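Undergrad: mind looking at a prediction? Sequence and model below.
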Amino acid sequence: MASSVRAATRLCSFYLFTSSRHNVSSGFSWSCRLCSSRPIRSSLYEHVLEGYSHKPKLDMQRVCEETDAVKREVENRKGDLRAADVGLIVRHSITCRSLKQYCCVIRTSISQSGRNYRSAREEGRAIREKLGQLYVQEGELEKEHYCRALRLPNRSHPSVVRDQFDFKPKGHLEIGESLDIIRQRRLAHVSGHRSYYLRGAGAGLQFALQNYTMDFLQKRGFIPMVVPDMLKSVVFEGCGMQPNAHKSQVYSLDPSRFPDLNLAGTGEVGVAGYFMDHAVNFKDLPVRTVCSSTCYRAETDTGREAWGLYRVHHFNKVEMFGVTSNETGEESSQLLDEFVMLQKEIFSSLKLHYRVLDMPTQELGPPAFRKYDIEAWMPGRGSFGEISSASNCTDYQSRRLNILYEGNDGNLKYAHTVNATACAVPRTVIAILETHQTKEGTILVPEVLRHYLGSEVIEKPKYTPIKYIGPNQPKRHTSK
């Protein structure tokens, strides 16, 4: 048994020597900003030391076994922790565990040899003294470990948006100009501010989105429609818009030549005009329609999103519009939920990261009883951007436009209307270009669009882009 005592003595001496060379406060210095000005503290661990609660059971096994995954999660999360700090936490955890194991081995050796080591009493006293020193170091190391490890974030759900690039993502305009598929510069003398051209794969992407969305909805029973782009003010007002208001978003044609004609900012107005002063038979409800149209908006708030496709004067959009009954009071709410589900299917199939927002009253326009906005993550912008919305207007529009349905008893009742954007092309293009960009500058086309676009990748064209030769050439500084 004396040999066990001597082994324990050597073990204590070795560990104390090692720990003195690799002091806790120096060998494991904390490199992040968390302790640059003050020591790390944990109120939770102090609560434990005071005896008010048990030690937290952290899942350090996962952190140690899946260190690379934890580092990636930390890098993608907000906070002061960085990937390098995870490595330090892991080393602290391993050292802490090793020290506990050594102390356990020494205690076991002492207990086993306790009855027979009278001749080695002095050695036993030395062991206890050294073991006491190890306990102190164990406590200090454990405290430091908990103070740091408790700052680790939770793991992230696979569906949560994260930065998937190993390079700095570009904005859609930079991408589009590089691939020569978007042009927005030098158009002041052509079509004015907030206009744009799509060329080649850019135009193809617009057609692909429109055709895919139209096909998607027609397969689900939607009736396709082509609607007028120019409509009377009465239809706009019936839909809850004010074409004659100050700073209206509605473009009006020259009244001296075309009295009371306005350009539609959404296909919803055109479809609503189709049902104006008409009644739908109850057995045909709900009526689900879809149209693809060009939309025109004045965008008088010119200080926002001055460049790019996010806020422009004209764009193409695929719109859903539904007319339903009001027998139970739930029909339009159910149709709204159906439209939102279809929107989610479309954006999921395009492999976009999005979120659905139930909008507060401050964000509801006059006709909306309830409204959802869908925002997609746009990596180049580094933020979410609205790409779609869906509104339940109940009987607001039908009472103004005289849209009714004929019940089984022959009585006419006001219908409920629901509208939703299936695909606003420019903003969806933004999300696709920024989400599916590669380090090489190409775009991976979402699988559902490849059949329509005719390619899997959008690459830089082989032709030479056209060259500007107009009068507004950039000034060249020549040396004298």
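TA: Structure's in. What do you need? Bear in mind the structure is a predicted one, so any value in this text is a computation, not a measurement.
Undergrad: L357 in helix, strand or coil?
TA: Secondary structure, DSSP: H, G, I helix; E, B strand; the rest coil: L357 is strand.
Undergrad: which residues touch it?
TA: Taking C-beta atoms under 8 Å, 6 or more residues apart in numbering as the contact definition, L357 lies against Y372, D373, I374, E375. Every residue, glycine included, has its C-beta placed from N, CA and C.
Undergrad: A203: which of those is nearest?
TA: For those, the closest approach to A203 (C-beta to C-beta) belongs to I374, at 24.6 Å.
Undergrad: starting from the helix or strand encompassing that closest one, tell me which strands it pairs with and how they run.
TA: Using DSSP states H and E, I374 falls within strand 370-378. Under the criterion DSSP bridges, strand 370-378 sits next to strand 354-358 (antiparallel), strand 383-392 (antiparallel) in its sheet.
Undergrad: circling back to that earlier point, by neighbour count, which of the contacts of L357 wins?
TA: Tallying neighbours with other C-beta atoms under 10 Å puts I374 at the head of these, with 22 neighbours.
Undergrad: right, and that one touches D358 too?
TA: No: contact criterion C-beta atoms under 8 Å: I374 and D358 do not qualify, at 11.0 Å.
Undergrad: against L263, how distant is H189?
TA: 22 Å (C-beta to C-beta, to the nearest Å).
Undergrad: what do you get for G87?
TA: Taking C-beta to C-beta, one finds G87 at 60 Å from L263.
Undergrad: more crowded one of the two?
TA: Neighbour count, other C-beta under 10 Å: between G87 and L263, L263 has more, with 21 against 14.
Undergrad: thought G87 was touching V74, still the case?
TA: No: using C-beta under 8 Å as the test, V74 is too far from G87 to be in contact (10.6 Å).
Undergrad: so can I have TSV of the contacts of L357 showing pLDDT?
TA: Formatted as TSV, those follow (pLDDT from 0 to 100):
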residue	pLDDT
Y372	98
D373	98
I374	98
E375	97
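Undergrad: name all residues that make contact with the residue lying closest to Y452 once chain neighbours are set aside.
TA: Using C-beta to C-beta, 6 or more residues apart in numbering and skipping residues adjacent in sequence, the residue nearest Y452 is A208, 3.6 Å away. Applying C-beta under 8 Å, 6+ apart to A208 gives the contacts L449, Y452, L453.
Undergrad: K439 reaches K170, doesn't it?
TA: No: in this structure K439 lies outside contact range of K170 using C-beta under 8 Å: 10.3 Å.
Undergrad: have a look at the two and say which one is more surrounded.
TA: Neighbour tally, K439 and K170, criterion other C-beta under 10 Å: the higher count belongs to K170, 18 against 10.
Undergrad: could you find the closest non-adjacent residue to that one?
TA: G380 (5.5 Å).
Undergrad: and that neighbour, how far is that from Y468?
TA: 25 Å.
Undergrad: kindly report the same for A422.
TA: Taken as C-beta to C-beta, the span from A422 to Y468 is 37 Å.
Undergrad: compare the two (neighbour count), which wins?
TA: Per other C-beta under 10 Å, whichever of A422 and Y468 has more neighbours is A422, with 27 against 11.
Undergrad: wait, the residue nearest to K170 touches G176, no?
TA: No: with contact defined as C-beta under 8 Å, G380 and G176 do not form a contacting pair (10.6 Å).
Undergrad: can you list residues touching both of the two?
TA: With C-beta under 8 Å, 6+ apart, G380 and G176 have common neighbours L433.
Undergrad: what about those two, which has more around it?
TA: G176 (28 against 20).
Undergrad: excluding its backbone neighbours, what's nearest that one?
TA: In space, G176 is closest to I182, 2.8 Å off (C-beta to C-beta, 6+ apart).
Undergrad: which ones are touching S332?
TA: Contacts of S332 (C-beta under 8 Å, 6+ apart): T324, N326, F369, N392, C393, T394, H416, T417, V418.
Undergrad: coming back round to it: out of the strands paired with strand 370-378, flag the one nearest I403.
TA: Using C-beta to C-beta, these put strand 383-392 closest to I403, at 14.5 Å.
Undergrad: list the buried ones in the closest one?
TA: For strand 383-392, a neighbour-count test (16 or more other C-beta atoms under 10 Å) marks F384, G385, I387, S388, S389, A390, S391, N392 as buried.
Undergrad: contacting residues around it?
TA: So strand 383-392 is in contact with 310, 320, 332-333, 335-336, 339-340, 343, 347, 352, 354-355, 365, 367-378, 416, 418-424, 427-428, 430-431, going by C-beta under 8 Å, 6+ apart.
Undergrad: mind checking pLDDT for V136?
TA: Model confidence at V136, given as pLDDT, is 72.
Undergrad: where's it, which helix or strand?
TA: Using DSSP H and E, V136 maps to helix 121-149.
Undergrad: state the mean pLDDT of stretch 220-239.
TA: The average pLDDT within stretch 220-239 is 95.
Undergrad: compute the first-to-last residue distance for it.
TA: 26 Å (C-alpha to C-alpha, to the nearest Å).
Undergrad: and what of stretch 414-429?
TA: 38 Å.
Undergrad: how about stretch 326-335?
TA: Using C-alpha to C-alpha, the gap from the first to the last residue of stretch 326-335 comes to 12 Å.
Undergrad: report the buried residues of it.
TA: Buried-residue list, stretch 326-335, by 16+ other C-beta under 10 Å: N326, E331, S332, S333, L335.
Undergrad: quick one: the second one from D395, how far?
TA: What it means is E331. For E331, the distance to D395 - C-beta to C-beta - is 11 Å.
Undergrad: T394 versus V340, what's the distance?
TA: If you go by C-beta to C-beta, the gap between V340 and T394 works out to 16 Å.
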